[in-house]
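S.K.: sequence first, predicted coordinates after that:
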Amino acid sequence: MSSSSGSITSLDTIIGQDAAVGLLRKILAGGRIPHAYLFHGPAGVGKWDAVLAFSRTLLCTDDGAAEQGAPCGRCRSCHQVAAASHPDFYRIGLYPKKEFPKSPRPKEEIPPMALDFDPGEHELLTQVRIQQIRWLNTQASHPPAEGSRRVFVIDPADRLNPQAQNAILKTLEEPASRSIIVLVTTRPHALLPTIRSRCISIGLRPVDPLELAALLEEKGYTRQEAEIRSALSGGRPVAAETLDLPVMKSRRAGFLADLRALAASPAALAELPDMTRRILGDGELDLLEGLDMLQGLLRDVARCGAGMPRESLLHTDISADLVELARQISPDRAGELVALIDRLRLDLRFNVNKSLLAETVLAELARPR
């Protein structure tokens, strides 16, 4: 989880997601609550916070909670969600390897870990298994232990293996009247189209960098740190507050050095393995963050090359470096590279070779014009 159960009280506390929050409010106020949702967006944008606020409102027993779009914060249900102990609120995710049966029995059902389970302390399976979804399907057919609904969250839903996806599809096609299913993912296209079509889509997007920086200032960060965190996070509110600032600044400095070297001479491709590792990081989320950072730097280079003012830049704290780089990379060239990264990011929906993907970006930058 990206935040504790007690830190988000209502949809009002979700930063910079007016469209998503507006849709959720409309759903809550409508009276008849649909049974399935797909929350999607980049890592660190605040999906879990939005899911938690929505779920807490759904489970609140105060009569006015749904209409107001906010839990009362006083009832037994609100206290249970805050304490991660609500009997009708479940999160199905990647299971710790040591806890999962090595040879599950036929038709075995595996219950989820506790809501306050910290996945960072365990080696996890790489997929959500069918045994976990069998448990969900059985439980979804039961009445709530308390209140009027049960909420089942699958996060990360893109890690559902093929058998698990087919199993959850059956429940989505024949929903139980008092169960809500919420899928959470950074990669909605990794899910079957038939799953996506049966869910209400709740998209969360990066926040405008200036808006996010202002919000971070309100939380007590200095203006300079707020601007840097906003830039390095790519406008993702949760990431902006949790990122390791020295590590991210070091990664950005490495990208800048790589861009300079490749733009100066194709001979820099001799360092391609090291450059590729810098983009890849430690996994797919690091790769996506790396591609986002490269795009942000290249967009700033294009702005500098077009003579736009410093205030228009995302990375204002390194404006002098960007102006210098703009002498090597023209605005048109920077724009072409941004578009290339967009196309390659779409390829991540499939099982592409991630090293080859990163090398493609770097080789294109070094290609003589």
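M.R.: Structure's in. What do you need? Residues are numbered from 1 along each chain as shown.
S.K.: C-alpha from now on. contacts and neighbour counts both.
M.R.: Noted.
S.K.: which pLDDT value does the model give S4?
M.R.: Looking at S4, its pLDDT is 41.
S.K.: what's the answer for F350, then?
M.R.: So F350 comes in at 67 (pLDDT).
S.K.: same question for G64.
M.R.: 86.
S.K.: the one 4 residues further on too?
M.R.: pLDDT for Q68: 83.
S.K.: so it sits right up against I27, yeah?
M.R.: No - assessed by C-alpha atoms under 8 Å, Q68 is found out of contact with I27, at 11.2 Å.
S.K.: so how far is Q165 from the residue positioned nearest the centre of the chain?
M.R.: Centroid-nearest residue in the chain: A43, 2.4 Å away (criterion: C-alpha atoms, centre = their mean). Note on A43: its distance to Q165, by C-alpha to C-alpha, to the nearest Å, is 21 Å.
S.K.: before we move on, what about G147?
M.R.: 29 Å.
S.K.: residue ranges with poor pLDDT in the stretch 201-350 of the chain?
M.R.: Regions of the stretch 201-350 of the chain meeting the criterion pLDDT under 70 cover residues 284, 349-350.
S.K.: redo that, cut-off 90
M.R.: Residues of the stretch 201-350 of the chain meeting the criterion pLDDT under 90: 209-210, 263-274, 277-291, 311, 342-350.
S.K.: can you check the stretch 51-200 of the chain too?
M.R.: If you take pLDDT under 90 as the line, the stretch 51-200 of the chain has these spans: 63-70, 102-103, 106, 114-122, 146-148, 175-177, 187.
S.K.: now do the buried residues in stretch 86-102.
M.R.: H86, D88, F89, Y90, R91, I92, G93, L94, Y95 (16 or more other C-alpha atoms under 10 Å).
S.K.: nearest to R74, of those?
M.R.: The nearest member of those to R74, counting by C-alpha to C-alpha, is H86 at 14.1 Å.
S.K.: can you give me the strands for the stretch 51-200 of the chain?
M.R.: 89-92, 150-154, 179-185, 200-203 (DSSP state E, counting those that start in this stretch).
S.K.: for the third one, name the packing helices and strands.
M.R.: Right, strand 179-185. Contact analysis of strand 179-185 by 3 or more C-alpha pairs under 8 Å, 6 or more residues apart in numbering; DSSP states H and E lists strand 36-40, helix 47-59, strand 150-154 as its packing neighbours.
S.K.: so which of these gets nearest A320?
M.R.: That would be helix 47-59 among those, by C-alpha to C-alpha, at 35.0 Å.
S.K.: just the angle between that closest one and strand 150-154, please?
M.R.: Put simply, helix 47-59 runs at 170 degrees to strand 150-154, going by axes from the mean of the first three to the mean of the last three C-alpha atoms, to 10 degrees.
S.K.: for helix 47-59, packing partners?
M.R.: helix 18-29, strand 36-40, helix 65-68, helix 76-82, strand 179-185.
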